[in-house]
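Participant: Need the 3D shape of this:
(chains A and B)
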Amino acid sequence: MTSNRRDMIKHSAVVAGLLAGAGLLPQAAQAQGINRAAFDAKSMDELVKALGVGKPVESPLVTLTGPDIAENGAVVPLAAASTAPGVKRLLLLVEKNPAMLAASFDVSDAVEPAMSTRVKMGQTSNVYAVAITNDNKVLFAQKEVKVTLGGCGG
Amino acid sequence: MADPMRIRAQAQGGNAVVRVLMSHEMETGQRKDAAGKTIPAWHITDVTAQLNGKTVMTAQWGAAVSKNPFLQFTVKGAKAGDKIKIEWLDNKGEKRSDEAVVA
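Facilitator: Residues are numbered from 1 along each chain as shown, chains lettered A, B, ... in the order given. Presented below is the predicted three-dimensional model:
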């Protein structure tokens, strides 16, 4: 045995550090919110699978605000809001885009569950606002937005 | 370093309405350039909002969010003088954070 007490202490410190690092990693991944794979989902079925949530139910507790006709598909203002209790996440989806999920917002108690942003739409399509609550209820509202000029052309 | 964000936070009935305009290309990875080559995706993937240093909202975005993204949300209980900090991270690892005071 060449290793003395000092080396032993050093080694155990390194091992402890590694363990702590490994233990912290999953937590950091969780803090990242939703699974990135959700952004590759092409349909509602794929999306709920990637998110690991139940089937969405249409609900009057969710509101989606957007234009009936968007002249420019590159900039379509959309707003998702929900009055359901305990909303933890809001999603904005565009059905006929190459990837359905446009944006996901993790809301805390300190913000209103209402988010407005602008998205790109390739063509006329249904758009959805989805609210996921703390007890894993998945509620949605939908609306058709007609696009006269697509936002995905080059 | 990307251009600064424009953040406006207005106190309104006990809450603060925060409007953010970020400066970003938000390239989808679907478009092709004149030579027919696909332009690689380059878009913001993560957005974080803090009120006085405490995270109040995080968002994950896909490529479908418009160029120079706009975001509006309401922070409960924020009053004039409170600090709102917004931070984004894109898929190239570039990040930017800016601060505004609630007015």
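
Participant: C-alpha from now on. contacts and neighbour counts both.
Facilitator: Will do.

Participant: what helix or strand is the spatially most central residue of chain A on?
Facilitator: Residue closest to the average C-alpha location in chain A (C-alpha atoms, centre = their mean): residue A:104, at 2.9 Å. If you go by DSSP states H and E, residue A:104 is part of strand A:101-107.

Participant: Parallel or antiparallel, list what pairs with that strand.
Facilitator: strand A:87-94 (antiparallel), strand B:54-61 (antiparallel) (DSSP bridges).

Participant: if we can go back for a sec, which non-adjacent residue is nearest the residue nearest to the centre of chain A?
Facilitator: What sits nearest to residue A:104 in space, not counting adjacent residues and going by C-alpha to C-alpha, 6 or more residues apart in numbering or on different chains, is residue A:91, at 4.4 Å.

Participant: So for the residue nearest to the centre of chain A, what's the pLDDT?
Facilitator: Looking at residue A:104, its pLDDT is 92.

Participant: Could you export stretch A:130-142 as PDB, CA atoms only?
Facilitator: Provided in PDB are the C-alpha atoms of stretch A:130-142 (Å, rounded to 0.1, in the frame of the first residue of the first chain):
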ATOM      1  CA  VAL A 130     -53.000  24.600 -23.700                       C
ATOM      2  CA  ALA A 131     -53.000  25.000 -19.900                       C
ATOM      3  CA  ILE A 132     -51.500  22.300 -17.700                       C
ATOM      4  CA  THR A 133     -52.500  22.500 -14.000                       C
ATOM      5  CA  ASN A 134     -50.800  21.300 -10.900                       C
ATOM      6  CA  ASP A 135     -53.100  18.200 -10.700                       C
ATOM      7  CA  ASN A 136     -52.100  17.400 -14.300                       C
ATOM      8  CA  LYS A 137     -55.300  18.400 -16.000                       C
ATOM      9  CA  VAL A 138     -54.700  19.400 -19.600                       C
ATOM     10  CA  LEU A 139     -57.100  22.000 -20.900                       C
ATOM     11  CA  PHE A 140     -57.100  23.700 -24.300                       C
ATOM     12  CA  ALA A 141     -58.800  26.300 -26.400                       C
ATOM     13  CA  GLN A 142     -58.500  26.500 -30.200                       C
END
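
Participant: Fine, thanks again, bye for now.
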